[in-house]
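Visitor: got a predicted model here, sequence first, then my questions.
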Number of protein chains: 2
Amino acid sequence: MATIYDVAKLAGVSPATVSRVYSGVVPVSAGKAEAVRRAAAELRFTPSGTARALRTQSSEVIALVIPDIENPYFTEMARGVEDVANDAGYSVVLCNTDGDRAKEAAYLDVAVSARMAGVIIAAADAGTDLGALHEHGRPVVAVDRTLEAAMDAVVMDNREAGAAATEALLDAGYGRIACVTGPETVETARQRAEGWRAALERRGLAAPSARLRYSTFRVEGGRSAVDELLAASDPPDAIVAGNNLLGVGVLQRLAEHGLTPPALGVAVIGSLPYATLPVDAVTVVRLPARDMGETGAQMLLDRLHGDGRPPRTLTLHGVVRPAQPR
Amino acid sequence: MATIYDVAKLAGVSPATVSRVYSGVVPVSAGKAEAVRRAAAELRFTPSGTARALRTQSSEVIALVIPDIENPYFTEMARGVEDVANDAGYSVVLCNTDGDRAKEAAYLDVAVSARMAGVIIAAADAGTDLGALHEHGRPVVAVDRTLEAAMDAVVMDNREAGAAATEALLDAGYGRIACVTGPETVETARQRAEGWRAALERRGLAAPSARLRYSTFRVEGGRSAVDELLAASDPPDAIVAGNNLLGVGVLQRLAEHGLTPPALGVAVIGSLPYATLPVDAVTVVRLPARDMGETGAQMLLDRLHGDGRPPRTLTLHGVVRPAQPR
DNA sequence: ATGAAAGCGCTAACAA
DNA sequence: TTGTTAGCGCTTTCAT
């Protein structure tokens, strides 16, 4: 593999000049620059990112840590991060943690060990340790889920989303509304459930815990919740699904029970990009995932460019698309 | 940031000993190892991956290059890659190219510049240039789509999948079967269409080009194909969808036309993980995406561990789940 | 505008 | 088993 020394020798200049041609800021005479370029092409020179990273103590790579790469919500977010980061000349490393603390810790370790420029993280749970990142002075932005009191973060208004979903069902005439959400350890899951409860109570209705199910944020969770809820002595007439995958599971299982909405009302928090039936009959609270990614990436870039303001939390709001009355 | 020198001084040993404790292979006496560990913990030492990569000319990172991170087929594959790679101590960097050659080239550049150990790639199209990787001696494994005549590759049997999907529809009694597939520039799209054609011709049926649509491998492509096919003077009575997203689009649009299967037959090449209606009425040719990822990763690891056998192509087969007769 | 030289933090001979 | 030492390829003063 050719190095700047090889290129320098062939071009008849010093290694420093070759370096200057590639870093671009320091002026180099046109003639020498041209000679360097020709020599580099001839030797198929590719500058060593690792050497540069070692020397400069930083690389143009940012880590994006997410709990579930198979969830379209997070991939949509990843697209947002990518677009903004790539435009600014950064590469994005996607790290999938499966919501597993050990895996997450391993990836954060890699991030500091590889001297990545910064980290955007949708944390597995509240226990994530950002200590090493902080000590090494790497900026971190939390997305989707907050992590520490005073840090940069972009989150959804989850309570509002939960309330809006519930209210849309109430407005459509449903009265016995259940809620299926994610694990109680996950902030977003709790907040969405709180929104459901608040909306019901605002209308003077009870929010019995028998109608609230903490589950996993996965398709299977939605499916089994339907079975459990329908088996109850006082089954609900509508269900709020706490995220997109739960929504898919709920709709799947309901269809198998012959209860396609609006026979039983359904509101989903999050989009259903791969739904195979018309979702007109389903209330959807669209969450701007891509926007969240873009905004988070921009916050991180600002920090990398020396922004020293106190940390801030940005809250994004969902958009309600009520079920069409038929 | 603490270095091995700081740790060495505090532990009262040489830097080399610290290094040996971390690399693990060379024996170190228990006492010194313990001292090193304590010193490292006290100084919150994190070894510099960049320094190590520079020194050893390689890093424990592999790049996974895919054309569409929002397609569950590729994320499922990514999971397979991740599992195998992580178990072997490698991190996986996910690079999303959007099927864009320039983006792809940029990522491959990063891969060699960062001295990544190897690359697994589902190429944007046949024009991808692997030259730089080869020159730098980095192993490459193609997945989903081949790229060069003699290279390691794991692909699906796409012709067979296309034929199986078509035959299932024929067996179910449909006779005017259309096919919607991806861009003609994409190998998998062509092969699946060829399978469709071959299956029809084997039964002595025509495969008129009016019933074959090259589109994009996206939801929207399936939707518009339905409209175009239904508007024809001699509309089909069944449709083969060339990938999962096309299948989603086809099913969506058919439902909007009031033509839910089996009113119009549908076979999908690929899985429908987020379908919201029961897919019993749809023929699905499940493609083992996760398996493809695991196998590709294993092939790459073998190369990294010195496997010098001639390159090989492994072909994986889909599994037909015919629509349930109702 | 250009070159010489030091050093980023680590590993791998080699010596002891 | 342990320490000494010489780089890996680059950037960056400091001179010129």
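Guide: Great, that's in hand.

Visitor: going by C-alpha atoms from here, please, whenever you check contacts or count neighbours.
Guide: Will do.

Visitor: got a pLDDT number for A:R326?
Guide: pLDDT, A:R326: 61.

Visitor: typo on my end, it should be A:L287
Guide: Confidence for A:L287, expressed as pLDDT, is 98.

Visitor: could you do the one 3 residues further on as well?
Guide: According to the prediction, A:R290 has pLDDT 98.

Visitor: cool, A:A78 as well?
Guide: At A:A78, pLDDT is 97.

Visitor: show residues contacting the helix or strand where it lies.
Guide: Counting by DSSP states H and E, the element that carries A:A78 is helix A:72-87. Helix A:72-87 is contacted by residues A:64, A:66, A:68-69, A:91-92, A:94, A:244, A:270-271, A:273, A:289-298, A:301, B:69-70, B:72 when judged by Cα atoms under 8 Å, 6 or more residues apart in numbering or on different chains.

Visitor: in it, which residues are buried?
Guide: Neighbour-count burial for helix A:72-87, with 16 or more other Cα atoms under 10 Å in any protein chain shown as criterion, is recorded at A:72-85.

Visitor: and stretch A:38-48, by the same measure?
Guide: Residues A:39-40, A:44-48 are the ones in stretch A:38-48 that count as buried (16+ other Cα under 10 Å).

Visitor: out of these, give me the two with the largest separation.
Guide: Maximum pairwise distance in these, criterion Cα to Cα, is 16.3 Å, between A:A39 and A:S48.

Visitor: list the buried residues for stretch A:251-261?
Guide: So stretch A:251-261, judged by 16+ other Cα under 10 Å, has buried residues A:251-254, A:260-261.

Visitor: can you narrow these to ones near chain B?
Guide: Of the residues in these, proximity to chain B by Cα under 8 Å from any Cα of the partner chain holds for A:251-252.

Visitor: and which of the buried residues of stretch A:251-261 is nearest to DNA strand C?
Guide: A:Q252 (51.0 Å; Cα to the nearest atom of the strand).

Visitor: so A:R218 makes contact with A:G242?
Guide: No. Counting by Cα atoms under 8 Å, A:R218 does not reach A:G242; the two are 10.0 Å apart.

Visitor: neighbour count: the two, which is higher?
Guide: When neighbours are counted by other Cα atoms under 10 Å in any protein chain shown, A:R218 and A:G242 differ, and A:G242 comes out ahead with 33 against 20.

Visitor: what sits against the more buried one?
Guide: A:162, A:179-182, A:189, A:192-193, A:217, A:268-270.

Visitor: so of those residues, which ones are in helices?
Guide: Judged by DSSP state H, the subset of the contacts of A:G242 located in helices is A:162, A:189, A:192-193.

Visitor: which of those sit farthest apart?
Guide: Longest distance between any two of the ones in helices among the contacts of A:G242 is 9.6 Å, between A:G162 and A:A189; criterion Cα to Cα.

Visitor: between those two, who's got more neighbours?
Guide: Using other Cα under 10 Å as the criterion, A:G162 and A:A189 rank with A:G162 on top: 33 against 23.

Visitor: what about the closest residue to A:D125 other than its chain neighbours, how many neighbours?
Guide: Of all residues not flanking A:D125 in the chain, A:V186 sits nearest, at 5.8 Å (Cα to Cα, 6 or more residues apart in numbering or on different chains). A:V186 has 19 neighbours, counted by other Cα under 10 Å.

Visitor: okay then, goodbye and thanks.
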